[in-house]
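S.K.: dropping a prediction and its sequence here:
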Amino acid sequence: MARRNAFDRFRLLRRVARPIEAAQVRWFGASVISAVAGTPVLLLHTTGRRSGLERTTPLAFHEGADSTLLLVGGASGQARVPDWVANLRADPAVTVTVGRRRVAVHADELVGAEREQVWGELRRVWSRIDTYERRAGRPVPVFRLSRLG
């Protein structure tokens, strides 16, 4: 439990960094964080399920073999499921900004064998993903985003 509490101290930092990272992705198609980590980042634009307001979240993604985009709700190992996951479950028709292009996508949450297959692919790309799931103490949701049109 102490590890979780210590990790939660970074919440304020994440709240401050998120809009800065989002602005960098909008302006440059990437962020300093994504460049340092060597991981591509997109902006997920969802509608708040309670507020009805647009919410923008920078997230690491992986492009699947079929050109779909894969996201995980690991939240760096937080016990709480990220708000963007709940928003995506409430309304899977969203947009993403990849590079500097905004495109409409449909999100499907992967479950069962399909999730396990994709999880194996993601494990090869993000070596820490199993650590996030173990630290969170919950299954990490996996979403496949398919471009519309």
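M.R.: Sure, I can see it.
S.K.: can you give me the helices for this structure?
M.R.: For the chain, helices defined by DSSP state H occupy the ranges 2-8, 11-28, 32-37, 83-90, 112-125, 129-136.
S.K.: can you list contacts of the top strand by length along the chain?
M.R.: If you go by DSSP state E, the chain has its longest strand at strand 101-110. Strand 101-110 is contacted from outside by 45, 69, 71, 88-89, 92-97, 118, 141-149, using C-beta atoms under 8 Å, 6 or more residues apart in numbering. Where you see a C-beta, it was placed from the backbone N, CA and C, and this is true even at glycine.
S.K.: cool, stretch 120-132 as well?
M.R.: With contact meaning C-beta under 8 Å, 6+ apart, stretch 120-132 is reached by 39, 60, 62, 64, 70, 72, 74-77, 119, 140, 142.
S.K.: just the buried ones out of those residues, please.
M.R.: The neighbour count (16 or more other C-beta atoms under 10 Å) marks 39, 60, 62, 70, 72, 74, 75, 77, 119, 140, 142 as buried among those.
S.K.: show the model's pLDDT score for the most centrally placed residue in the chain.
M.R.: Nearest to the mean C-alpha position of the chain, by C-alpha atoms, centre = their mean, lies residue 59 at 3.9 Å. Turning to residue 59, the model gives it a pLDDT of 89.
S.K.: next one: it relative to residue 113, how far apart?
M.R.: Distance of residue 59 to residue 113, given as C-beta to C-beta, to the nearest Å: 24 Å.
S.K.: try residue 21
M.R.: In this view, residue 21 and residue 113 are 34 Å apart by C-beta to C-beta.
S.K.: can you check residue 98 too?
M.R.: Applying C-beta to C-beta to residue 98 and residue 113 gives a distance of 28 Å.
S.K.: wait, isn't residue 81 in contact with residue 137?
M.R.: No: counting by C-beta atoms under 8 Å, residue 81 does not reach residue 137; the two are 11.5 Å apart.
S.K.: more neighbours, these two?
M.R.: Ranked by neighbour count (other C-beta atoms under 10 Å), residue 81 and residue 137 place residue 81 first, with 17 against 10.
S.K.: ok, now which ones touch that one?
M.R.: 73, 75, 138, 141.
S.K.: pLDDT weak spots in this protein?
M.R.: 1-14, 16-17, 20, 23-24, 31-38 (pLDDT under 70).
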